[in-house]
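**Student:** Fold the following and give me the result.
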Amino acid sequence: MTIFRFGDFTLAPSERLLLRAGQPVALTGKVFDLLVVLVRSKGRLVGKDELLREVWPGLVVEEVNLSVNISVLRKALADARDGNEWIETVPKRGYRFGGRVEVGEVPISEVVRPRAFPPTAAVVPQATRNSDGTGEAADAVVPSIASRHPEKANLDKKTGSMRKRGMVIALFALIAIGAGLTLRERVEPLAGGFSSVAVLPFSSDSASDDYIADGITENIINSLTLLRDLRVTPRTTTFRYRSPTVEPGKVGVDLRAAAVITGRMIRNGSKMRIQVDLVDVAREAQIWGANYEGDPGELVRLQGRIVQDLAREMKPALTREDKRLLVYRTTENPDAYRAYLQARYYWNQRSADGIKRAIEQFRRSVEIDPQFAMAYSGLADSYATLGYLSDIAPRDAFPLAKQYALKALELDPSLAEAHASLAYEKFYFEWDWPGADAEFKRAVVLNPRYPITHQWYSVYLLAMGRSNEGFQEIRAAQEYDPLSLAINTDVGFHYYYTGQYEEAIKQLQAVLDMNGNFALARIWLGRTFQQLRRYDDALSEFQQAEVAFHNWPVLIAARGSVEAASGRRQEANGAAAELESLAKNRFVTSYGVALIYAGLNEKDAAFRWLERAFDERSHWLVWLRLDPRWDNLRSDPRFSILVSRMNFPT
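**Tutor:** All right, here's what the predicted structure looks like:
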């Protein structure tokens, strides 16, 4: 038989056997096939496409499968020599097997011994499923590497006779130790299932289908979040790992996830194929995979099958309630659903332009299907966000947010997102403190692991003077989404409004260490520097934030407030004039203009603009009693009257 020797290892491809210093090394089937291809290449760069064709012939397989198996192989070889030396990564191209490889032919009896024959695990089945859930395991007919390279295993009659004797010996050895040898042996998940999972962004073979791939990912995340005792890494965190070269096992370790889900969407004419794989992080093994095929119009049903199959693989003991929650609440109309996915794609860009484009698609979705509750909830989120950012007047934004949230809840009272949006509107616009509290609590009950609800509720509690409860809620949001830039920024926001400025600086600088371009963290850091009278540092932060928020009135007002407080009256007056000029073409919050005049100690002008803010129903007024930039007005009786008009709870 033909063997390959490198270092302490002996590889016998025809016997699917790897020995290290005479002792067997157990490898899964695909890892073994991968090793054979690399070793046979003996130093030649093997492209990723070639490896995928050789190891998964006839299948369209996600590239992450290759990364996972390379990682497992490196670990298996690393005990005797640094795995990175055996297998070299050539970025964006492929892999090369390093080190000296000797090739020879020996009698099989010298290699195969009963004590040495390993109980090799092999292929993890790749199931192909249609939209109705039917299908067969694709790997059932996939030949091994050895059978596809007969020229590499040709033996003379004498060697062939010895091979037969060796196989008989091996068979008795396997029976004696009770090991099963099968090309479709499966690595089973832990008996109790997984306690945590991260769903990586699905890829697509066309940029025009990215919004569908993102929508599938988000659907899986949102659905699995409803399962009890399963911690699901939020979208805002997993989407930071969008890369064709990402290694699922490493991401799982980074995110403290026991399992990782990867996927790919492929178009083939009028057909669509969605490949989904489940990776066990601890064992560095793909334990399940399936392909789902159907027409684009069957996308909703395909997603339902994917979620149910994944849940069954990760949580074998699903309760009846778990299965009920996994019924995805969407539309049966494919055009309405595609418009919804496009809307969410734009929404997730978190820019004013993206949100406006999202509104267009959400509206198109509900025009096609007026019973689509989640699209109405998306409209509520969009208008609430535009109102919060002061991109449009509060009276033009928040009432629409309420209207759409109520419509969503009329169609589906169990939508936690719609309850959270309604609470947000009651808090920031209606100033209905008990109503907002009730809606936030209802949203938490319906989906206790939805981090945005905890984030928004924490802000409400802080504004109500319940800072300790608010801090507990922002910590809960942080626990569910530890890498969220917005949530981590709001931790600093809490420190700022409770006067813990040094802690705020540490927290906000930590956010900027994660992403130096996150403008909201720079805005709150600038405001913190202002309270410490580090005015130049504050202006520097605002200047950097303006790269992302060019001509944003809220940021111009923040800059003008610092300029006024630092005695730069000419610059502060210029900022006020800039805002009044912008107001001719867009909405400018009067709260911000009032801040500049307060900093200039022009109290009468500040109160005139605050009155206008009340007329606008400015949502910034919920911070009237906590915002430290009003400190020089607090002794004025007019300020106490304004605070009393907010009817804050005592």
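**Student:** Spell out which residues sit in contact with the residue nearest the centre of the chain, please.
**Tutor:** Nearest to the mean C-alpha position of the chain, counting by C-alpha atoms, centre = their mean, stands residue 238 at 2.4 Å. Contacts here follow C-beta atoms under 8 Å, 6 or more residues apart in numbering; on that basis residue 238 touches 198-201, 217, 221, 251, 255. For the C-beta atoms, the positions are set from N, CA and C on the backbone; glycine is no exception.
**Student:** any idea of the pLDDT on it?
**Tutor:** We have a pLDDT of 89 for residue 238.
**Student:** And it, how close does it get to residue 539?
**Tutor:** Here residue 238 is placed at a distance of 36 Å from residue 539 (C-beta to C-beta, to the nearest Å).
**Student:** Then residue 378?
**Tutor:** Distance, residue 378 to residue 539, using C-beta to C-beta: 37 Å.
**Student:** Looking at these two, which has the bigger crowd around it?
**Tutor:** Between residue 378 and residue 539, counting by other C-beta atoms under 10 Å, residue 378 is the more crowded of the two (27 against 20).
**Student:** Now that one. Nearest residue, chain neighbours left out?
**Tutor:** What sits nearest to residue 378 in space, not counting adjacent residues and going by C-beta to C-beta, 6 or more residues apart in numbering, is residue 362, at 4.5 Å.
**Student:** in terms of contact, does that neighbour touch residue 383 like I think?
**Tutor:** No. With contacts counted by C-beta atoms under 8 Å, residue 362 stays clear of residue 383, the gap being 9.8 Å.
**Student:** Check what pLDDT residue 214 gets.
**Tutor:** 91.
**Student:** mind listing what the closest residue to it other than its chain neighbours touches?
**Tutor:** Using C-beta to C-beta, 6+ apart and skipping the chain neighbours, the partner closest in space to residue 214 is residue 345 (5.6 Å). Residue 345 makes contacts with 210-211, 214-215, 358, as judged by C-beta under 8 Å, 6+ apart.
**Student:** make it 10 Å
**Tutor:** Going by C-beta atoms under 10 Å, 6 or more residues apart in numbering, residue 345 touches 210-215, 218, 354, 357-358, 361.
**Student:** Pick out the most distant pair among those residues.
**Tutor:** Farthest-apart pair in the contacts of residue 345 is 213 and 357; separation 18.4 Å (C-beta to C-beta).
**Student:** which one of the two has more residues nearby?
**Tutor:** Just comparing residue 213 and residue 357: by other C-beta under 10 Å the higher neighbour count belongs to residue 213, 22 against 18.
**Student:** Quick check: that one touching residue 201?
**Tutor:** Yes. Between residue 213 and residue 201 there is a contact under C-beta atoms under 10 Å: 7.1 Å.
**Student:** joint contacts of these two?
**Tutor:** Common contact partners of residue 213 and residue 201 (C-beta under 10 Å, 6+ apart): 242, 263.
**Student:** if we can go back for a sec, the residue nearest to residue 378 against residue 339, yeah?
**Tutor:** Yes. Using C-beta under 10 Å, residue 362 is in contact with residue 339, at 7.6 Å.
**Student:** Looking at these two, which has the bigger crowd around it?
**Tutor:** Shown here are residue 362 and residue 339; by other C-beta under 10 Å, residue 362 has more neighbours (29 against 24).
**Student:** Report all helices and strands that the helix or strand hosting the more buried one contacts.
**Tutor:** Using DSSP states H and E, residue 362 maps to helix 352-368. Here helix 352-368 touches helix 334-347, helix 373-388, helix 394-411, going by 3 or more C-beta pairs under 10 Å, 6 or more residues apart in numbering; DSSP states H and E.
**Student:** Would you mind putting the CA coordinates of stretch 300-318 into PDB?
**Tutor:** What follows is stretch 300-318 as a C-alpha-only set of coordinates in PDB (Å, rounded to 0.1, in the frame of the first residue of the first chain):
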ATOM      1  CA  VAL A 300     -41.000  31.800   4.300                       C
ATOM      2  CA  ARG A 301     -41.700  28.100   4.500                       C
ATOM      3  CA  LEU A 302     -38.000  27.300   3.900                       C
ATOM      4  CA  GLN A 303     -37.100  29.600   6.800                       C
ATOM      5  CA  GLY A 304     -39.700  27.900   9.000                       C
ATOM      6  CA  ARG A 305     -38.200  24.500   8.300                       C
ATOM      7  CA  ILE A 306     -34.700  25.800   8.900                       C
ATOM      8  CA  VAL A 307     -35.600  27.200  12.400                       C
ATOM      9  CA  GLN A 308     -37.500  24.000  13.400                       C
ATOM     10  CA  ASP A 309     -34.600  21.800  12.300                       C
ATOM     11  CA  LEU A 310     -32.000  23.900  14.000                       C
ATOM     12  CA  ALA A 311     -34.000  24.000  17.200                       C
ATOM     13  CA  ARG A 312     -34.400  20.200  17.200                       C
ATOM     14  CA  GLU A 313     -30.700  19.700  16.700                       C
ATOM     15  CA  MET A 314     -29.700  22.100  19.500                       C
ATOM     16  CA  LYS A 315     -32.500  21.300  21.900                       C
ATOM     17  CA  PRO A 316     -33.500  17.700  21.500                       C
ATOM     18  CA  ALA A 317     -36.100  18.000  24.300                       C
ATOM     19  CA  LEU A 318     -38.300  20.800  22.900                       C
END
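**Student:** looking at this protein, which helix or strand is least sure?
**Tutor:** One helix or strand of the chain scores below all others by mean pLDDT, DSSP states H and E: helix 157-177, with a mean of 37.
**Student:** okay, and the common contacts of residue 362 and residue 339?
**Tutor:** 372, 375.
**Student:** Hmm, residue 44 and residue 96 touching each other?
**Tutor:** Yes. Assessed by C-beta under 10 Å, residue 96 is found in contact with residue 44 at 6.8 Å.
**Student:** close enough to count as contact, residue 277 and residue 306?
**Tutor:** No. With contacts counted by C-beta under 10 Å, residue 277 stays clear of residue 306, the gap being 11.3 Å.
**Student:** Quick one: the strands in the stretch 201-350 of the chain, in order.
**Tutor:** 203-204, 231-232, 259-268, 271-280, 285-294 (DSSP state E, counting those that start in this stretch).
**Student:** Go through these and name the closest to residue 612.
**Tutor:** strand 231-232 (44.9 Å).
**Student:** By pLDDT, rank the contacts of residue 238 and give me the bottom one.
**Tutor:** Lowest confidence among those: residue 255, with 85.
**Student:** mind pulling up the phi and psi values for that one?
**Tutor:** When read as degrees, to the nearest 10, the backbone of residue 255 gives phi -100, psi 0.
**Student:** Pull the contacting residues for it.
**Tutor:** Neighbours of residue 255 in contact, by C-beta under 10 Å, 6+ apart: 196-198, 200, 231, 233, 237-238, 240-241, 281, 482-483.
**Student:** Restricted to helices, list those.
**Tutor:** Counting by DSSP state H, the part of those found in helices is 237-238.
**Student:** Buried ones only from the contacts of residue 255, please, as a PyMOL command.
**Tutor:** To isolate the buried ones among these in PyMOL, judged by 16 or more other C-beta atoms under 10 Å, type:
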select buried, resi 196+197+198+200+231+233+237+238+240+241+281+483
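**Student:** and the contacts of residue 255 as a markdown table, adding distance to residue 445?
**Tutor:** Listed next are those as a markdown table, based on distance: C-beta to C-beta, whole Å:
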| residue | distance to residue 445 |
| --- | --- |
| 196 | 22 |
| 197 | 23 |
| 198 | 25 |
| 200 | 30 |
| 231 | 18 |
| 233 | 22 |
| 237 | 24 |
| 238 | 25 |
| 240 | 30 |
| 241 | 31 |
| 281 | 31 |
| 482 | 23 |
| 483 | 26 |
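**Student:** which stretch among the strands of the stretch 201-350 of the chain comes nearest residue 629?
**Tutor:** Here strand 231-232 is closest among the strands of the stretch 201-350 of the chain (C-beta to C-beta), at 39.4 Å.
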